[in-house]
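[1] the following comprises the amino acid sequence and a computationally predicted model.
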Amino acid sequence: MTVPALRPAPRDISSDPFMADVLAGLSGNPKRLLPKYFYDEAGSQLFEEITRLPEYYLTRTELKILRDNAPAIAALIPRDSALVELGAGSATKAKIMLEAAPQISAYVPVDISAEFLGSEAAKLERDIPRVAVYPVATDFTKPFELPAAPRRRPCVGFFPGSTSGNFEPHEASELLRLASGILGHDALFIVGADLAKDASTLHAAYNDAAGVTAKFNLNLLARINRELDADFDLAAFEHHACYNRERGRIEVYLASRKRQKVHVGGKTFDFRAGETIHTENSYKFTVKSFSALARGAGWVPVAVYTDSNEHFAVYVLKQK
Ligand code: AVJ
């Protein structure tokens, strides 16, 4: 009698986009990995830890901007609206909007991390019972449809956290255009984006003293080991983040501490000593450059809110 194998079926290129993207990224020169894969359960927890770091000004600044201006933003939102959040993660920011705008009756968190999404959605339904929650577990960089119930409501897109900064400007523009199609006619779109600023503030934010950002970056290799049957030696790679002023972006890398070979999904990858894997860009915008990006994607800024240090900006966009 044959005993069924207890090992899960191996993931392969044809059926698994994670495997396909990792193999393609490591086969490239220079090597790279996509930042959307940072956010497995462990990565999402590490990112939550980053948001509480003293050096990581982004989240707390954006939260303050939202809290200070939620009533003004709420005044722009129509009755019986649905708030559609791209890359929801934790629902803390959405809660600020939902509490300030009682005319919002539905919340649609869209996130690639299904586990995180489920638990946050349940919490929110308990905390704000008037709001119907329709979680959508999908990769929002690909076209998708809203569930029928929220689709019948006026939609307000919500894209906080400067997530758009992870994309090349032309990709960010495509994403804003895609969102325009998903949200439907006359939609509003509330978008948070980090502002260009002095290099030392930026450098500190991505090279925290406690090393949480390094752990977050290295977790991508740990995830590849866990899910794709790979053998990255985490101690043999180190975190690097630097501000590229010309390109207006933070660049994040994992650098190999030595010459080594790594196996992933049955393939072998050679690393030179010092060779890097580019894991993330985080673009920083001026109000002018972000507004131009939004206009290019079919949106007009109707309001812009910043903090007193001008560290971060929240834009309210309307469809052209
Ligand atoms: C979630 C993309 C906004 O770019 O600041 C934090 C991710 N990477 N520390 C950012 C991140 C390293 C973050 N975003």
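    Sure, I can see it.

[2] can you mark which positions in the one helix or strand Pro71 maps to are buried?
    With elements taken from DSSP states H and E, the one containing Pro71 is helix 57-74. With burial defined by 16 or more other C-beta atoms under 10 Å, the residues of helix 57-74 counted as buried are 57-63, 65-66, 69-70, 73-74. In short, each C-beta sits where N, CA and C put it, glycine included.

[3] near the ligand, which of these show up?
    With the criterion set as C-beta under 6 Å from any ligand atom, the members of the buried residues of helix 57-74 near the ligand are Leu58.

[4] can you list the buried residues of helix 57-74 in a markdown table and add pLDDT?
    What follows is the buried residues of helix 57-74, written out as a markdown table (pLDDT from 0 to 100):
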| residue | pLDDT |
| --- | --- |
| Tyr57 | 98 |
| Leu58 | 98 |
| Thr59 | 97 |
| Arg60 | 97 |
| Thr61 | 98 |
| Glu62 | 98 |
| Leu63 | 98 |
| Ile65 | 98 |
| Leu66 | 98 |
| Asn69 | 98 |
| Ala70 | 98 |
| Ile73 | 98 |
| Ala74 | 98 |
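
[5] check contacts around Asn69.
    Taking C-beta atoms under 8 Å, 6 or more residues apart in numbering as the contact definition, Asn69 lies against 305, 314.

[6] start the count at 804 instead of 1 going forward.
    Understood, numbering begins at 804; the last thing we discussed is Asn872.

[7] for it, give its distance to Gly964.
    The span separating Asn872 from Gly964 equals 16 Å under the rule C-beta to C-beta, to the nearest Å.

[8] tell me how many other residues surround Leu889.
    When neighbours are defined as other C-beta atoms under 10 Å, Leu889 has 25 of them.

[9] hmm, it is touching Gly964, no?
    No: the pair Leu889 and Gly964 does not pass the contact test of C-beta atoms under 8 Å, sitting 9.4 Å apart.

[10] any idea how far stretch 867-878 is from the chain center?
    From the chain centre to the centre of stretch 867-878 is a distance of 22 Å (C-alpha atoms, centre = their mean, to the nearest Å).

[11] scratch that, stretch 989-1009 is what I was asking about
    Between the mean C-alpha point of stretch 989-1009 and the mean C-alpha point of its chain there is a distance of 13 Å (C-alpha atoms, centre = their mean).

[12] now stretch 1050-1059
    Relative to the mean C-alpha coordinate of its chain, stretch 1050-1059 is positioned 16 Å out (C-alpha atoms, centre = their mean).

[13] ditto for stretch 943-956
    Stretch 943-956 sits 18 Å away from the centroid of its parent chain (C-alpha atoms, centre = their mean).
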